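In: Predicted model follows, preceded by the sequence.
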Amino acid sequence: MKKPDIWVDGSFVRHEDATFHVLTHALHYGTSVFEGTRCYKTEKGSAIFRNPEHMQRLLDSGRIYRMDLGYSREELEEAAVETVRRSGLEACYLRPIAFRGVGPMGVNPLNNPVRVVIAVWEWGAYLGPEALEHGVDVHVSSWNRMAPNTFPSMAKAGGNYLNAGLVKMDAVLNGYSEGIMLTVNGHVGEGSGENLFLVKDGVLHTAPVALSILPGITRHSIIRLAEDMGLTVKESLIPREALYIADEVFFTGTAAEVTPIRSIDKHVIGSGKRGPITEKLQTALFDILHRGQDPHGWLTFV
Ligand code: PPE
């Protein structure tokens, strides 16, 4: 099957022609900001989940790094819709990315042009096909999350994923699906590509954004859905050991959706299966993503 066309700086380019020069600034210095969004095949048609919020975060990431993308949020939203439509895919993952292109070499990116790209592809369950139901086995990484005021974590920047890549390799090479990063002070942060929630005595806890986590859009959605159910959600400083004695722990993310965690450092979490609150929240999210129910106006139908 023909690979989907890619939106590059305002026009569509064939997949195989969407190439860039080796002296692209971002390749040398990590100067990119990006997004990950999913389009779902709902019972009511294909729809992008939280398209405006993802494009706003892309613009915010760009602003933090002094990158003017040259498009409004609405223009980027429309470009995303067009890219999905043109692909002919009913469900896909979207990867908008903006980066510093070819120009002067050297650390200063200010005189390098900002390129903007949106690509789509089919992407299945992030942590394996069984993970959503049965959960994953993870460990606490030997790598910490970056310290505050080093790499801005509210920006979803390419360079941040060097840290995430170390965490992921450490996990996979040790036989785990994923690693949990602690902050420089030893509090629970997030996974290499997911936010984390734990449930203790019916209350949900997740790290505050000030702990150098990515302010996840799925995290935000789960907080809203939990509040709809009357659950209490606290943004808490979570000590490492609270993970081991939690009733339930799960990851959230665009790619990971809601993935239960069944063991951490070989401690079985709760009953070792997807917990009841995790399941309720997963179902509430999947009712939106698969059935197209949309009480919060989070779907953009393509
Ligand atoms: N933390 C990190 C570090 C992260 O990369 C993601 C998304 C999240 C939290 C969850 O954010 P959100 O998607 O807005 O709920 N990670 C993306 C990239 C995964 C990849 O391997 O690439 C994603 O899930 O799309």
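Out: Structure received.

In: and the closest residue to the ligand within the stretch 51-200 of the chain, what is it in contact with?
Out: Per Cβ to the nearest ligand atom, residue 193 is where the stretch 51-200 of the chain lies closest to the ligand, at 3.8 Å. The way it works is simple: take the backbone N, C-alpha and C, and place the C-beta from them, glycine included. Residues in contact with residue 193 (Cβ atoms under 8 Å, 6 or more residues apart in numbering) are 126, 164, 168, 178, 253, 255, 256.

In: Can you tell me which of these end up in strands?
Out: With strands defined by DSSP state E, the entries of those inside them are 178, 253.

In: For the contacts of residue 193, give me TSV that also has neighbour count.
Out: Compiled in TSV, the contacts of residue 193 are given as follows (neighbours: other Cβ atoms under 10 Å):
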residue	neighbour count
126	21
164	20
168	20
178	25
253	23
255	17
256	23
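
In: Point out the residues in this protein that sit beside the ligand.
Out: Contact residues (Cβ under 6 Å from any ligand atom) of the chain with the ligand: 36, 164, 190, 193-195, 214, 216-219, 252-256.

In: that's a helix at the residue of the stretch 51-200 of the chain closest to the ligand, yeah?
Out: No: under the criterion used here (DSSP: H, G, I helix; E, B strand; the rest coil), residue 193 is coil, not part of a helix.

In: Report back the residue of this protein that's furthest from centre.
Out: Distance from the centre of the chain peaks at residue 104, with 31.5 Å (Cα atoms, centre = their mean).

In: and it, helix, strand or coil?
Out: coil.

In: what's the burial count for the closest residue in space to it that isn't next to it in sequence?
Out: Leaving aside its sequence neighbours, residue 104 sits nearest to residue 111 (Cβ to Cβ, 6 or more residues apart in numbering; 5.3 Å). A count of neighbours around residue 111, defined by other Cβ atoms under 10 Å, yields 10.

In: Can you give me the distance of residue 111 to residue 65?
Out: For residue 111, the distance to residue 65 (Cβ to Cβ, to the nearest Å) stands at 14 Å.

In: do residue 49 as well
Out: Note on residue 49: its distance to residue 65, by Cβ to Cβ, is 25 Å.

In: More neighbours: which of those two?
Out: When neighbours are counted by other Cβ under 10 Å, residue 49 and residue 65 differ, and residue 49 comes out ahead with 24 against 19.

In: who touches the more buried one in this structure?
Out: Counted by Cβ under 8 Å, 6+ apart, residue 49 has contacts 37, 38, 39, 40, 254, 288, 289, 298, 299.

In: Specify the local secondary structure of residue 89.
Out: coil.

In: give the contact list for it.
Out: Contacts for residue 89 (Cβ under 8 Å, 6+ apart) come out as 4, 39, 46, 120, 122.

In: Many thanks, have a good one.
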